[in-house]
Each structure stands twice: as C-alpha cells, then as structure tokens.
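Engineer: Let's see this in three dimensions:
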Amino acid sequence: MSVQEALVKSLSMILRLNKATLQVLLADKSGLSIAKVTRSSDIDLDALTINSISAATYNFSEEIWKDLGIESQRIAFVFFEKICLINIRIAPTILTIVHDFNASWPVNAEEIGKIIAQLKVDIDEMFNPGGANEDGETFSSFIRNILYLFNMGNE
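Structural biologist: Model (predicted):
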C-alpha cells in the first residue's frame, strides 16, 4: 500500500468512528488539499473553504506563539453554528475533522489518538523522510489528552 493510500485509509477510519463526523481533510500548511474523505450530509461543506480556515487558524497565531516563547499550537477547536472544526497540526500538514457537535458530542478521544499515531508515522514517511521527529505515540498521547480534557467541559 502506498503512503497516499495509507493516509486515505487513516482518514476513513476517523470518519467511521462517529456518524456525526462529516468530513476529514488533510492539507498542507497553506491549505492545499492532500486527501479528504466525506460523508453525505444536509450541511453544505466546501473542502477548499474548510482547509483555508484550518490553515488560517495556525498561520495567524504562529507569530503570536513565537513572540510569547510558547511551544507551537498542536490542536485547535473552531465552532460554528452547526459544526466544529477540530484542527490538528501534524507538521507539515493540518488534519481537520469536521464534526456535527449538535448530533453527537464528545468525540472518541481514545480511538482518534490511536489512528493519529499511525497517521503521524505515515505523514513523517511521506513529508519528512529521515528527519528526527517526535514519536507518533507521544504525539498521539498528547492529542488524546487534549481531547479528553476538552470533552470534560461537556459534563
């Protein structure tokens, strides 16, 4: 299986975790699409617009994080009336999960964390071959913990 196929497989696994997850996208830091999987929905979702919003989430804040001397932001939640964009930076890409939070909340942090561990390995293989990067398990554990903490606010 090629790395591209592995990426799409991981995105599909995230999409299948919850029927309220409408779209899963992977884009570069400029918002250019790498891969996407979509579920049919009454909500009109434009992948190009979503990727642009996701990229802007990080590009606008990156300078602020550097000025404050804070480690780069890895996850961001952007809420709209009907959907939530869960943006996860897996350098040099941005994973966006489009979720209908009115239909189902919270998201499954444990399962998303497991999938992200493999996704990080695949992204590193595709975009950072031979580079010294953060371990996929450590990275996914961080994302899983953030999702757990965010989900606690619901209770």
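Engineer: CA only for contacts and neighbour counts going forward, please
Structural biologist: Fine.
Engineer: Could you export the strand or helix carrying T57 as CSV, CA atoms only?
Structural biologist: T57 is part of helix 47-68 when elements are defined by DSSP states H and E. C-alpha atoms of helix 47-68 as CSV (Å, rounded to 0.1, in the frame of the first residue of the first chain):
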residue,chain,number,x,y,z
ALA,A,47,-13.5,21.4,1.5
LEU,A,48,-11.4,24.2,0.0
THR,A,49,-13.0,26.7,2.4
ILE,A,50,-12.6,24.4,5.4
ASN,A,51,-8.9,23.9,4.5
SER,A,52,-8.4,27.6,4.2
ILE,A,53,-10.0,28.2,7.7
SER,A,54,-7.8,25.4,9.2
ALA,A,55,-4.6,26.9,7.7
ALA,A,56,-5.6,30.4,8.9
THR,A,57,-6.1,29.0,12.4
TYR,A,58,-2.4,28.2,12.6
ASN,A,59,-0.9,30.8,10.3
PHE,A,60,-2.4,33.8,12.1
SER,A,61,-1.4,32.5,15.6
GLU,A,62,2.0,31.2,14.7
GLU,A,63,3.7,34.6,15.1
ILE,A,64,2.0,35.2,18.5
TRP,A,65,3.1,31.8,19.8
LYS,A,66,6.7,32.6,18.7
ASP,A,67,6.6,36.0,20.3
LEU,A,68,5.4,34.6,23.6
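Engineer: Show me what the helix or strand just after it is packed against.
Structural biologist: Sequence-wise, the next helix or strand downstream of helix 47-68 (DSSP H and E) is strand 75-79. Applying 3 or more CA pairs under 8 Å, 6 or more residues apart in numbering; DSSP states H and E, one finds that strand 75-79 contacts strand 84-90.
Engineer: Good, wrapping up.
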